[in-house]
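*Asks:* got a predicted model here, sequence first, then my questions.
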Amino acid sequence: MPARPLRRLIAVLVCSAYLLSPQAASSAPGGLRTQRGEVGSGPEAWAVHGVSSTNGIVWSDVPDDHWARKAIDHVAATNDWMRDKKPAADGTYAFQPDKRESRERLARTLYRAFGTPTEPDPELVFPDLPAEDRFYRFAAIAVAAGWLEVDTTGAFRPQDAVTTREVHRALVTALGMQDLAAGAQALHFRDGTPVETPKDFGSLLIGMRLGLRFNHGDEALDVAPDTPLPRSEVAWSLYRAATAPSWMRDSLAPYSTMQLRNLSKKLRQVVAFAVDSVGQPYVWGGDWNEPTSSGYCCGSQPVGGFDCSGLVWWLMKAEDAGWDNTPPRAYAGWALPERSSAQMASVGKRIGWEDVRAGDLLFYDGDGDGTVDHMNTYVGNGWAIDSGSSNAGVTITYVAGTWYEDHFVHGRHILG
């Protein structure tokens with residue numbers, strides 16, 4: 001097995017190429033710009049067309065090359081949704097992009113961006129947010145609309161930082177896509193057996209497919225489902241939600257009735273393990289769910305997450321040469337010594353689209369140059385477990401009749 005630096009070089013060369021969309025750009029240390037989003041990691045992310053107006057607002061703390069500058073302009077200059085500060089004496093505004101965003105301020109932002117879908121219950125009481133507080137009405141509206149939830153004691157937790165999971169729930173609900181999220185949350189097999197899904201799994205998954213999370217070039221900045229978010233990340237998510245094209249709902253329609261074929265006991269374990277990985281970020285060369293140090297067999301990783309072939313390892317690879325994820329994985333896996341998508345595609349019997357079955361590896365040529373540059377794991381009924389840069393991480397994606405089938409090269413059977 002190559003050392004991690006070499007494996008990462010292989011991964012970026014054969015599992016991908018650079019995205020040209022704004023989502024691929026990120027500010028690296030020293031002010032340099034990098035582009036490490038990957039065309040080979042699935043279809044390109046949809047792009048926002050048009051330029052947001054600054055309305056004459058000049059930011060004192062958001063440089064032109066900040067990764068979220070367009071988003072911040074849209075949500076706090078073109079619109080006032082996240083414009084919290086009055087101008088300074090010199091006329092500039094401070095956005096505070098690195099400050100953690102609180103739940104009370106997110107509630108106000110949602111009210112400003114999406115209006116008042118329903119009036120709150122006048123009897124609603126929060127033990128930690130009095131009715132005379134200036135944020136009470138926003139919090140009450142957010143709870144009544146289903147954007148945000150209270151805890152088991154009824155507390156709103158106004159000062160707590162919001163997480164990726166909470167922001168996705170709020171925005172998917174505000175966009176009226178609760179039916180898609182509910183269908184994913186109720187993931188089940190054809191015989192009716194439910195797949196145990198974490199809280200807000202459905203809205204997290206739909207949010208990922210909507211592109212609500214930014215795919216950073218500097219992987220140390222990547223956020224996980226329960227990461228407390230800075231204002232810049234919230235701005236990006238709101239920007240993407242507010243500019244989502246109308247065709248997105250139709251493209252995500254299969255999630256409203258999300259069902260898998262009946263699978264063997266071992267493959268049901270694979271699905272259950274994959275469900276717990278949904279929402280992990282896309283990490284170049286990543287193959288572990290947590291940060292790893294130099295003591296890890298395969299090199300260091302700044303945050304937990306996966307690239308396309310690294311996720312296949314996480315789900316399918318048996319213990320080998322010091323790499324072993326059992327636990328947390330409950331099953332042994334299968335022989336899979338190759339690391340990159342191209343390497344995995346170069347061995348084994350090639351299977352056509354019409355013959356693929358659950359547990360097979362699927363390979364794709366994203367840019368049409370004849371080279372395999374992306375892969376995922378098929379779990380049947382048109383669904384595959386995927387880690388792609390366009391979704392900024394791990395999703396369960398419908399591949400039948402989509403970009404994936406159009407760019408499919410062949411499959412590979414690895415189950416014994």
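*Replies:* Perfect, thanks for sending it.
*Asks:* on the three-state scheme, Leu238 is what?
*Replies:* Assigned by DSSP: H, G, I helix; E, B strand; the rest coil, the conformation of Leu238 is helix.
*Asks:* give the contact list for the nearest residue to it once chain neighbours are set aside.
*Replies:* Excluding the flanking residues, the one nearest Leu238 by Cβ to Cβ, 6 or more residues apart in numbering is Val75, at 5.1 Å. Where C-beta positions appear, they are placed from N, C-alpha and C, glycine not excepted. Shown in contact with Val75 (Cβ atoms under 8 Å, 6 or more residues apart in numbering): Trp81, Met82, Thr109, Ala113, Ala235, Leu238, Tyr239, Ala242.
*Asks:* what about those, which are in helices?
*Replies:* Thr109, Ala113, Ala235, Leu238, Tyr239, Ala242 (DSSP state H).
*Asks:* out of these, the closest to Asp369 would be?
*Replies:* Of all these, Tyr239 has the smallest distance to Asp369: 32.3 Å, by Cβ to Cβ.
*Asks:* pretty sure the closest one is touching His74, no?
*Replies:* Yes - under the criterion of Cβ atoms under 8 Å, Tyr239 makes contact with His74 at 4.8 Å.
*Asks:* what's the neighbour count on Asp218?
*Replies:* Look at Asp218: counted by other Cβ atoms under 10 Å, it has 15 neighbours.
*Asks:* how about the one 5 residues further on?
*Replies:* Neighbouring residues of Val223 were enumerated by other Cβ under 10 Å; the total is 22.
*Asks:* quick check, it in contact with Tyr282.
*Replies:* No - with contacts counted by Cβ under 8 Å, Val223 stays clear of Tyr282, the gap being 11.3 Å.
*Asks:* would you state the strands of this protein in chain order?
*Replies:* 25-27, 33-35, 188-189, 259-260, 287-288, 305-306, 350-351, 361-364, 374-380, 383-388, 393-398, 408-412 (DSSP state E).
*Asks:* rank the ones you listed by pLDDT, which is bottom?
*Replies:* The stretch with the lowest mean pLDDT among the strands of the chain is strand 33-35, at a mean of 25.
*Asks:* Ala384: which of the ones in helices among the contacts of Val75 is nearest?
*Replies:* Tyr239 (28.2 Å).
*Asks:* which residues touch the closest one?
*Replies:* Applying Cβ under 8 Å, 6+ apart to Tyr239 gives the contacts Val48, Lys70, Ala71, His74, Val75.
*Asks:* mind putting those into a markdown table with pLDDT and distance to Asp320?
*Replies:* Listed next are the contacts of Tyr239 as a markdown table, based on pLDDT from 0 to 100; distance: Cβ to Cβ, whole Å:
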| residue | pLDDT | distance to Asp320 |
| --- | --- | --- |
| Val48 | 84 | 43 |
| Lys70 | 95 | 44 |
| Ala71 | 96 | 42 |
| His74 | 96 | 47 |
| Val75 | 97 | 47 |
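*Asks:* so which of these are in helices?
*Replies:* Judged by DSSP H, helices contain the following of these: Lys70, Ala71.
*Asks:* what's the closest of the contacts of Tyr239 to Thr153?
*Replies:* Distances from Thr153 to those, taken by Cβ to Cβ, are shortest for Val75, at 31.6 Å.
*Asks:* Tyr331 touches Lys266, doesn't it?
*Replies:* Yes - between Tyr331 and Lys266 a contact is recorded at 5.7 Å, counting by Cβ under 8 Å.
*Asks:* with neighbour numbers in mind, choose between the two.
*Replies:* Taking other Cβ under 10 Å, Tyr331 and Lys266 do not tie; Tyr331 has more neighbours (17 against 14).
*Asks:* and the closest residue to the more buried one other than its chain neighbours, how many neighbours does it have?
*Replies:* Nearest non-adjacent residue to Tyr331, counting by Cβ to Cβ, 6+ apart: Gln269, 4.8 Å away. The local packing of Gln269 (other Cβ under 10 Å) involves 14 other residues.
*Asks:* and what of Leu187?
*Replies:* If you count neighbours by other Cβ under 10 Å, Leu187 ends up with 21.
*Asks:* contacts only, for it.
*Replies:* Contact analysis of Leu187 by Cβ under 8 Å, 6+ apart lists Pro194, Val195, Thr197, Phe201, Met258, Gln259, Leu260, Val275, Ile396.
*Asks:* wait, doesn't the first one sit right on His188?
*Replies:* Yes - applying Cβ under 8 Å, one finds Pro194 in contact with His188, separated by 4.6 Å.
*Asks:* of those two, which one has the most company?
*Replies:* In terms of neighbours (other Cβ under 10 Å), His188 is the more surrounded of Pro194 and His188; the figures are 13 against 10.
*Asks:* beta partners for that one?
*Replies:* Per DSSP bridges, residues listed as beta-bridge partners of His188: Pro194, Gln259.
*Asks:* Throw the strands of the chain into TSV and include distance to Gly207, thanks.
*Replies:* Shown next, in TSV, are the strands of the chain (distance: least, Cβ to Cβ, whole Å):
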stretch	distance to Gly207
strand 25-27	20
strand 33-35	23
strand 188-189	21
strand 259-260	21
strand 287-288	23
strand 305-306	16
strand 350-351	33
strand 361-364	24
strand 374-380	19
strand 383-388	15
strand 393-398	10
strand 408-412	26
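*Asks:* which of those strands sits closest to Ser251?
*Replies:* Here strand 393-398 is closest among these (Cβ to Cβ), at 8.8 Å.
*Asks:* next, the buried residues of the closest one.
*Replies:* For strand 393-398, a neighbour-count test (16 or more other Cβ atoms under 10 Å) marks Gly393, Val394, Thr395, Ile396, Thr397, Tyr398 as buried.
*Asks:* just the angle between it and strand 374-380, please?
*Replies:* Angle, strand 393-398 to strand 374-380, by axes from the mean of the first three to the mean of the last three Cα atoms, to 10 degrees: 50 degrees.
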